[in-house]
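[1] below is the sequence, then the predicted model.
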Protein chains: 2
Amino acid sequence: MSNSRMTVREIAKLAGVSVATVSRVSNGTGQVSEEMRRRVLDAIEKHGYRPDHLGRALAAGRHGALGLVFPGLSGPYFTELIQGFESEAVPSRASVHILCTHLRSDSDDQVLEMGRRVDGVAVMGGTISDEALLRLAKLVPVVVVAGEGPGDIPSVRADNVGSMLALTRHLLADHDLRDLVFVGTPAGSPDVSERWAAFRRAHHDLGIEPPAEPVAVSMQQADGVLAADQLLGGETPRPAGVVCANDETALGVLVGALGRGLRVPQDLIITGFDDVPVAALVAPALTTVRQPVRELAAEAARLILRAAGQPGDIPGGGLVLPTELVLRRSCGCPAPPTGGTGR
Amino acid sequence: MSNSRMTVREIAKLAGVSVATVSRVSNGTGQVSEEMRRRVLDAIEKHGYRPDHLGRALAAGRHGALGLVFPGLSGPYFTELIQGFESEAVPSRASVHILCTHLRSDSDDQVLEMGRRVDGVAVMGGTISDEALLRLAKLVPVVVVAGEGPGDIPSVRADNVGSMLALTRHLLADHDLRDLVFVGTPAGSPDVSERWAAFRRAHHDLGIEPPAEPVAVSMQQADGVLAADQLLGGETPRPAGVVCANDETALGVLVGALGRGLRVPQDLIITGFDDVPVAALVAPALTTVRQPVRELAAEAARLILRAAGQPGDIPGGGLVLPTELVLRRSCGCPAPPTGGTGR
DNA sequence: CGGGTAACAGAAACCGGTTTCAGCCGACCA
DNA sequence: TGGTCGGCTGAAACCGGTTTCTGTTACCCG
């Protein structure tokens, strides 16, 4: 009923019992007589008492919280990541702290500060310095998501190389395409870096000269439109295909290409990476690589929770989750027999 | 250097000083002689000591954290929201706890639990029950974002009504359109609810009969494609225009319409709400309403931080941030003179 | 040389919980 | 009737910091 911010001692005084009894009742531990329990519950109910997390966490010796650190939020990838992480943390009654480092200069320090507020941290690859990562790992269990950590810091990531090799080989060999370009900025993102390397390696494996440089744009849909402007603006010869570092930029390139009256895949093929929900629904449907982002984050949360439970380091070195090449219309493959573009 | 999890008392013993001195040095408060300071700093440096947040927060009587509660993460809107909130919290050295309630049945309880872990909470409208909101407000300062709270709980929201009235009136009067449909689910989202109501009111103001029901889909791009399937599938007469509750569904409808060979705006007009970055870049560019999402979240964070500083309730009742009608090509307005669809 | 003061260090209390440990009381049994 | 045991309760210690309050020392000045 009445207002808040009560403490155990106040409730104890109001109920005429000791703080130990209040604690026992509110936690359901130990033995308490029916009479005492009723008195305490009445006082708790009447004053809307809820134990403060700080005292409880301090006594328990754990924070009951996990940290998630990423460079910035953009697009479906990060929302999937957060949700996967959160959905695994909540059932364990752990709250989730987030930190977007953006490009703040003091982000290393903020991450270390977070290391004293939580029971474990998942850090996106490429977000903070290796040195900060190592220092963080001395404070709490750490897992690197979508990247590799220095030393023996465990990591969880998707198989970028296998699928990007298969995708590029498919374009070069099966569709006999040349003059592919790669859209994405390898620097700063281990994922993009691996994809770019695999894109080049697939070329070399087939004795084809890959482009020297990627088209460096960042990872949002608007950047894909800008890349389309740059590639299809008419100043340079039009490439045969655009291999994008993620689906979002691919959808941007698609929008830009269709807006210029180009036909996809007849005039230009486009591929993405991630298999976001809308990739299957656009016309033409987007050829891409499916990676289990939610599962990636959930696995990271599980590793941290397990490590936070018992002291000692996390055993596993690097966990690589499988990915899957998804061939659709935008690379020139025929539409599936079950139907056209819709649905 | 060596490992972690040191306490003040351990450092004090190692440095041969009292815990008070260690605290003074690590906080830079009080008077400490150069000799003592050096000894303490050496020990801190040598053992990589960082004060634990729990003890510090307990002594300070504040958590140094803000909470953000939303139903689920989908699309650019929520990422903007989180970033706006986070960017305002971090400079105040407050960490950000997030909670996605999804549709979990115990979310009311989880929100109340959060109320004892943070100094204030921002809750998205329509996320938890009014009763839980009132109980939460007794624990910590609360602000409702994009919605209205019960009682005198302050809120921060965008002006949905004014802009949606203007947009609908523009379509009905300036473009002389009839047979508009509204895509979005009012139930559960105060924003969508207000937009749907304003859509209908604009009809009534002009003596035009609005549609009886909205096309109820959820708010992601894929749902817009599904709505396009439903609306343009050929079973019912094609509407003249599709007014969407947000840009994401509008982009989905646009993709679906273009995929069926329809021309926008000649055969069908489409409008959105939010003005996400890609809305200006698609072809045709999307007519929409710009709302300051980041600013909305930042304002919520500021209100909470201010209220957490001094006890007592947040003064302001409801803060309504202005929105702006953005007319582009997709509603039939001419392309701006400065250039075509691209760029 | 005595008294006052400023600078500094440490013991102890405190923040809000949990948990251990000791003690009280009633019941049961010999 | 006395001893033991089990159920229940509360005082006190503890988690890891901060802060107050009390000394102690050295220095300066008259």
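    Happy to help now that I have it. Numbers count the residues shown, from 1 in each chain, chains lettered A, B, ... in the order given.

[2] next, the contact list for the residue in the stretch 201-343 of chain A that DNA strand C sits nearest to, please.
    Closest approach between the stretch 201-343 of chain A and DNA strand C, counting by CB to the nearest atom of the strand: residue A:309, at 14.7 Å. Bear in mind the C-beta positions are built from the backbone N, C-alpha and C, glycine included. Residue A:309 is in contact with no residue at all, counting by CB atoms under 8 Å, 6 or more residues apart in numbering or on different chains.

[3] where does it land on pLDDT?
    We have a pLDDT of 75 for residue A:309.

[4] any residues of chain A in contact with DNA strand C? List them.
    Counting by CB under 7 Å from any atom of the strand, chain A comes close to DNA strand C at A:6-9, A:19-20, A:22-24, A:26-27, A:29-30, A:51-52, A:54-56, A:58-60.

[5] the same query, at a cut-off of 10 Å, please.
    A:4-12, A:18-31, A:49-61 (CB under 10 Å from any atom of the strand).

[6] and those, which are buried?
    A:4, A:6, A:8, A:11-12, A:21-26, A:49-54, A:56-58 (16 or more other CB atoms under 10 Å in any protein chain shown).

[7] inside helices: which ones of the residues of chain A next to DNA strand C?
    Among the residues of chain A next to DNA strand C, DSSP state H puts A:8-12, A:19-27, A:53-60 in helices.

[8] near DNA strand D, from these?
    Applying CB under 10 Å from any atom of the strand to those, those adjacent to DNA strand D are A:8-9, A:12, A:19-25, A:54-60.

[9] and residue A:98, helix, strand or coil?
    Of the three states, residue A:98 takes strand according to DSSP: H, G, I helix; E, B strand; the rest coil.

[10] check contacts around it.
    With contacts defined as CB under 8 Å, 6+ apart, residue A:98 is in contact with A:67-70, A:82, B:82, B:86, B:96-98.

[11] assign the residue nearest the centre of chain A to helix, strand or coil.
    Centre of chain A computed as the mean C-alpha position; nearest residue by CA atoms, centre = their mean is residue A:81, 3.2 Å away. Of the three states, residue A:81 takes helix according to three-state DSSP.

[12] tell me how far it lies from residue A:147.
    Here the criterion is CB to CB, to the nearest Å. By it, residue A:81 lies 13 Å from residue A:147.

[13] who touches both of these two?
    Shared contacts of residue A:81 and residue A:147, counting by CB under 8 Å, 6+ apart, come down to residue A:124.

[14] residue A:234: neighbour count?
    A total of 8 residues lie near residue A:234 under the criterion other CB atoms under 10 Å in any protein chain shown.

[15] and it, helix, strand or coil?
    Applying three-state DSSP: residue A:234 is coil.

[16] ok, now the one 3 residues further on?
    Under three-state DSSP, the three-state class of residue A:237 is coil.

[17] look up phi and psi at it.
    For residue A:237, the backbone dihedrals (degrees, to the nearest 10) come out as phi -60, psi 140.

[18] pLDDT wise, what is it at?
    So residue A:237 comes in at 91 (pLDDT).

[19] excluding chain neighbours, what is closest to it?
    residue A:179 (7.6 Å; CB to CB, 6 or more residues apart in numbering or on different chains).

[20] the one you found and residue A:240 touch, don't they?
    Yes - assessed by CB atoms under 8 Å, residue A:179 is found in contact with residue A:240 at 4.5 Å.

[21] which residues touch residue A:272?
    Residues in contact with residue A:272 (CB under 8 Å, 6+ apart) are A:244, A:246-251, A:279, A:286-289.

[22] switch the cut-off to 6 Å
    A:244, A:247, A:250, A:286, A:288 (CB atoms under 6 Å, 6 or more residues apart in numbering or on different chains).

[23] and the nearest residue to it once chain neighbours are set aside, what helix or strand is that in?
    In space, and not counting its chain neighbours, residue A:272 is closest to residue A:250: 3.2 Å by CB to CB, 6+ apart. Assigned by DSSP states H and E, residue A:250 belongs to helix A:247-259.

[24] can you list the residues of the stretch 151-300 of chain A near chain B?
    A:221-222, A:225, A:229, A:255, A:259, A:277-278, A:281-283 (CB under 6 Å from any CB of the partner chain).

[25] closest to residue A:170 among these?
    residue A:282 (19.6 Å; CB to CB).

[26] now list the buried members of the contacts of residue A:272.
    A:244, A:247, A:250, A:286, A:288.

[27] what pLDDT does the nearest residue to residue A:333 once chain neighbours are set aside get?
    Excluding the flanking residues, the one nearest residue A:333 by CB to CB, 6+ apart is residue A:327, at 4.6 Å. With respect to pLDDT, residue A:327 scores 97.

[28] is it true that residue A:327 touches residue A:336?
    No - the pair residue A:327 / residue A:336 is not scored as a contact, 9.3 Å apart, by CB atoms under 6 Å.

[29] higher neighbour count, these two?
    Neighbours per residue, other CB under 10 Å: of residue A:327 and residue A:336, the larger number sits with residue A:327, 18 against 11.

[30] which intervals of the stretch 201-343 of chain A have sub-threshold pLDDT?
    The stretch 201-343 of chain A contains residues with pLDDT under 70 at A:310-316, A:337-343.

[31] how about the residues of chain A by DNA strand D?
    Checking chain A against DNA strand D by CB under 10 Å from any atom of the strand, the hits are A:8-9, A:12, A:15-25, A:30-40, A:54-61, A:116.

[32] let's see it at 7 Å
    Counting by CB under 7 Å from any atom of the strand, the residues of chain A near DNA strand D are A:16-21, A:24, A:30-33, A:35-36, A:55, A:58-59, A:61.

[33] strands of chain A, start to end?
    In chain A, the segments counted as strands under DSSP state E are A:65-70, A:95-100, A:121-124, A:142-145, A:155-158, A:180-183, A:241-244, A:269-271, A:288-290, A:318-321, A:324-326.

[34] include distance to residue B:187 when you put the buried ones among the contacts of residue A:272 into JSON lines, please.
    Below are those laid out as JSON lines (distance: CB to CB, whole Å):
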{"residue": "A:244", "distance to residue B:187": "37"}
{"residue": "A:247", "distance to residue B:187": "30"}
{"residue": "A:250", "distance to residue B:187": "34"}
{"residue": "A:286", "distance to residue B:187": "32"}
{"residue": "A:288", "distance to residue B:187": "34"}
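
[35] and of those, the nearest to residue B:266?
    Nearest to residue B:266 among the buried ones among the contacts of residue A:272, with distances taken as CB to CB, is residue A:286, at 26.2 Å.

[36] that closest one against residue A:279, yeah?
    Yes - at 4.1 Å, residue A:286 counts as touching residue A:279 under the criterion of CB under 6 Å.

[37] picking up where we left off before, neighbour count: residue A:179 and residue A:240, which is higher?
    Neighbour count, other CB under 10 Å: between residue A:179 and residue A:240, residue A:240 has more, with 18 against 11.
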